[in-house]
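Enquirer: Generate coordinates for the sequence data below:
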Amino acid sequence: MANVEPVAGGNETQVMEFIFLGFSGITRGHTFLFLVFLAIYLATVIGNTTILTLIQLDSRLHTPMYFFLSHLSCLDICNLSVTVPKILANFLSQKAAISYNQCMAQMFFLMTFTGTESALLAVMAYDRYAAICQPLHYSNLMSSQVRVPLAIFSWLWGLVDSAIHTALTTNVSFCGANQINHIFCDVPPLLKIACSDTYINEMVLHTASIFVGFSPFLLVVVSYVYIVSTILRIRSNTGRRKAFSTCASHVVVVIIYFGMINLNYNRPSAGYSLEIDTLISTLYCVLTPLLNPLIYSFRNEDVKKALGKALGKEYASPAKQ
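Expert: The predicted model follows:
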């Protein structure tokens, strides 16, 4: 039974509660899933908090690249905290429900952090371009007067995009159907169950997916075209390996992040199934934030050295072993 209330001035009713259908096909093992999601959440928070702490404590990590990495770690914690606690609560309840106001808030913060991370990854690609293609001017190109505004711009990028979508979605009417084929509140699944005209919402969503989502990805691609071109002109194999190692972690994160976004938002409707959508949404909102600290810690010797110093151990690089 939908939780609805009358709308003033008419016989329509406004939905006050939404039901997530993402895990509705799983009738058993909710306790096991609760423990799995809880473990992933704790591991992600601990991993990203560790990176944030190391960057603050170790002076060797007080560089532009790690300045942006600290923002990325913060975003991963925030992104996961928007969705997973509610998923955990729903595993322990009789129905996977969320109130209308909570749904709008969840959507707003999720889109803010997602848009910000897209912009931040583009900024990090520019940082790698400046370091590899313009090494003599790197200190000026990425000075504090440049990198701080770039970080602020990344947050504003996601905030403005999210505010527009949230404002438009709150003007949409939900009159009866309150079951969302998803595991969290997002614009596309909400528009599918709306009972009012959503043409403007859909046009803005498609425009934003190109401008907010594709533009940062295009900047990343352009940056790495220049980066790869510069690396290939380095004569020594050692120099090429060293140059590529400085951006390898970022490349992996970009591929995973934008790949998951594309799967989550730009899948063809043909062959759609709730099970596949739930799996992709889980990978997108849960596993991606977990992978970032793992990628940057296992592939980055500076982070390993900082961690070893914090633990009172001396880390020896493979070249010295």
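
Enquirer: Tell me where the stretch 51-200 of the chain has helices.
Expert: According to DSSP state H, counting those that start in this stretch, the stretch 51-200 of the chain carries its helices in the segments 64-91, 100-133, 138-141, 144-170, 187-192, 199-208.

Enquirer: how about the ones you listed in JSON lines, adding mean neighbour count and mean pLDDT?
Expert: In short, each C-beta sits where N, CA and C put it, glycine included. As requested, the helices of the stretch 51-200 of the chain are exported to JSON lines (neighbours: other CB atoms under 10 Å; pLDDT from 0 to 100):
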{"stretch": "helix 64-91", "mean neighbour count": "21", "mean pLDDT": "92"}
{"stretch": "helix 100-133", "mean neighbour count": "22", "mean pLDDT": "93"}
{"stretch": "helix 138-141", "mean neighbour count": "14", "mean pLDDT": "92"}
{"stretch": "helix 144-170", "mean neighbour count": "17", "mean pLDDT": "94"}
{"stretch": "helix 187-192", "mean neighbour count": "18", "mean pLDDT": "88"}
{"stretch": "helix 199-208", "mean neighbour count": "14", "mean pLDDT": "89"}
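
Enquirer: Rebuild these as TSV, extending it with distance to H250.
Expert: Converted to TSV, these look like this (distance: least, CB to CB, whole Å):
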stretch	distance to H250
helix 64-91	8
helix 100-133	6
helix 138-141	16
helix 144-170	15
helix 187-192	28
helix 199-208	24
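
Enquirer: Tell me which of the ones you listed sits nearest to Y224.
Expert: helix 100-133 (6.5 Å; CB to CB).

Enquirer: can you give me how far that closest one is from the chain middle?
Expert: Between the mean C-alpha location of helix 100-133 and the chain-wide mean there is a distance of 7 Å, by CA atoms, centre = their mean, to the nearest Å.

Enquirer: helices and strands around that helix, which ones?
Expert: Identification of packing neighbours for helix 100-133 by 3 or more CB pairs under 8 Å, 6 or more residues apart in numbering; DSSP states H and E yields strand 17-20, helix 64-91, helix 138-141, helix 144-170, helix 187-192, helix 215-232, helix 237-265.

Enquirer: between those, which one is nearest to L205?
Expert: helix 187-192 (5.8 Å).

Enquirer: I'd like to know which elements that closest one is packed against.
Expert: Other elements packing on helix 187-192 under the criterion 3+ CB pairs under 8 Å, 6+ apart are helix 100-133, helix 144-170, helix 199-208.

Enquirer: Would you mind writing the CA trace of that helix as CSV?
Expert: Coordinates of each C-alpha in helix 187-192 appear next as CSV, following Å, rounded to 0.1, in the frame of the first residue of the first chain:
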residue,chain,number,x,y,z
VAL,A,187,16.7,10.9,-11.3
PRO,A,188,16.1,8.4,-14.1
PRO,A,189,14.3,5.8,-12.0
LEU,A,190,12.2,8.5,-10.3
LEU,A,191,11.1,10.0,-13.6
LYS,A,192,9.9,6.6,-14.8
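
Enquirer: circling back to that earlier point, would you turn the helices and strands packed on helix 100-133 into JSON lines with distance to N292?
Expert: Written out in JSON lines, the entries for the helices and strands packed on helix 100-133 read as follows (distance: least, CB to CB, whole Å):
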{"stretch": "strand 17-20", "distance to N292": "25"}
{"stretch": "helix 64-91", "distance to N292": "5"}
{"stretch": "helix 138-141", "distance to N292": "24"}
{"stretch": "helix 144-170", "distance to N292": "15"}
{"stretch": "helix 187-192", "distance to N292": "24"}
{"stretch": "helix 215-232", "distance to N292": "15"}
{"stretch": "helix 237-265", "distance to N292": "6"}
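
Enquirer: Of all the ones you listed, which one is nearest L290?
Expert: The stretch from those with the least distance to L290 (CB to CB) is helix 64-91; that distance is 8.0 Å.

Enquirer: tell me which strands and helices the closest one is in contact with?
Expert: For helix 64-91, the packing partners by 3+ CB pairs under 8 Å, 6+ apart come out as helix 30-57, strand 97-99, helix 100-133, helix 144-170, helix 288-298.

Enquirer: D277: which of the helices of the stretch 51-200 of the chain is closest?
Expert: With CB to CB as the criterion, D277 lies closest to helix 187-192 of the helices of the stretch 51-200 of the chain, at 8.6 Å.

Enquirer: Need the residues that contact that closest one.
Expert: Helix 187-192 has contacts (CB atoms under 8 Å, 6 or more residues apart in numbering) with 103, 107, 111, 165, 169, 172, 174, 180-182, 198, 201-202, 205, 265.
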